[in-house]
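> Structure for this input, please:
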Amino acid sequence: MTIAAIEESKQNIADATHELLLEADRVPDPRHQACLDEVVLLNAPVARSIASRYRSKGVDPDDLEQVAYLGLVKAANGYRLDADTAFLSYAVPTIRGELKRYFRDCAWTIRPPRRVQEMQGSIAAAEPELIQRLGHVPSDEETAEALGTDASEVAEATSVRGCFSTLSLDAPGTAEGVASLIETVADSEDGYDLVENVHTLTPAVANLGDRDKRILQLRFCNGFTQEEIGQELGVSQMHVSRLLRGILDTLRSDLADTVSR
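As a prediction, this is how the structure comes out:
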């Protein structure tokens, strides 16, 4: 399918979605609900696509899709026709918010402070409404104003991504050419093919400092390159390389101690 054909198909779905939402606004149940159900079916591929981006987090893909569908259903029921934004501009952050809440509530491994988790939940709940009202993805300052908090707290909460379950250590990296964390740490050439269970790595990660956990998160959960990590932390790529090597050496040492006990 050509790019033009893909864009035409997307536009057709958007037009059909809008017509269904218009009809749903005019008619009572059961037709009202039937229209919303059709909106969900039409846009289900979007929900699946968003869910697929979280598959390296160690959660069953079917569970992710169900959570994404729930977000889509909420979007279909919550969308306001008088908004200046298209349905998907509202639905996409709603779906993402539902997935983020799922990870926050069900799947943390490297657990941030409770206040950060709660702030992330508040952001996820408020973001769809802000996008619909503002017509764009809100800045940290706009979100903070809506929540009655400081922009620095919003920035801290939104920086917490990935590393949601112990199985994420065994999942492939999210960026091209990025190995999984367990593959990198348990390098057979270095004698660490003794590790039979990825869960043995979790205590070692838990013992790391906040900065080192953050580097692991960016590299192996978010798929950042070393250069991108450097930009995030304000250091050079070479410095990131040295830090990462030191972190992995520490993990290897802890793993070796665990296996020898």
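
> Pull the number of nearby residues for the nearest residue to Ser139 once chain neighbours are set aside.
Residue nearest to Ser139 in three dimensions, not counting chain neighbours: Ala151, with 8.0 Å by C-beta to C-beta, 6 or more residues apart in numbering. (Each C-beta comes from the backbone N, C-alpha and C, glycine too.) When neighbours are counted by other C-beta atoms under 10 Å, Ala151 registers 14.

> Next, Ala151: phi, psi?
phi -60, psi -30 (degrees, to the nearest 10).

> What's the separation between it and Lys74?
27 Å (C-beta to C-beta, to the nearest Å).

> quick one: low-confidence parts of this protein?
1-8, 56-59, 104-113, 159-204, 220-223, 255-261 (pLDDT under 70).

> Spell out the residue ranges of the helices in it.
3-26, 31-52, 61-78, 87-106, 114-134, 140-147, 151-158, 181-185, 201-206, 210-216, 226-233, 237-260 (DSSP state H).

> tell me which strands and helices the second one is in contact with?
What that stands for is helix 31-52. helix 3-26, helix 61-78, helix 87-106 (3 or more C-beta pairs under 8 Å, 6 or more residues apart in numbering; DSSP states H and E).

> again, but for the fourth one
Packed against helix 87-106, as judged by 3+ C-beta pairs under 8 Å, 6+ apart, are the following elements: helix 3-26, helix 31-52, helix 61-78, helix 114-134.

> Mind putting these into JSON lines with mean neighbour count and distance to Gly97?
Shown next, in JSON lines, are these (neighbours: other C-beta atoms under 10 Å; distance: least, C-beta to C-beta, whole Å):
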{"stretch": "helix 3-26", "mean neighbour count": "13", "distance to Gly97": "20"}
{"stretch": "helix 31-52", "mean neighbour count": "17", "distance to Gly97": "11"}
{"stretch": "helix 61-78", "mean neighbour count": "18", "distance to Gly97": "7"}
{"stretch": "helix 114-134", "mean neighbour count": "18", "distance to Gly97": "4"}
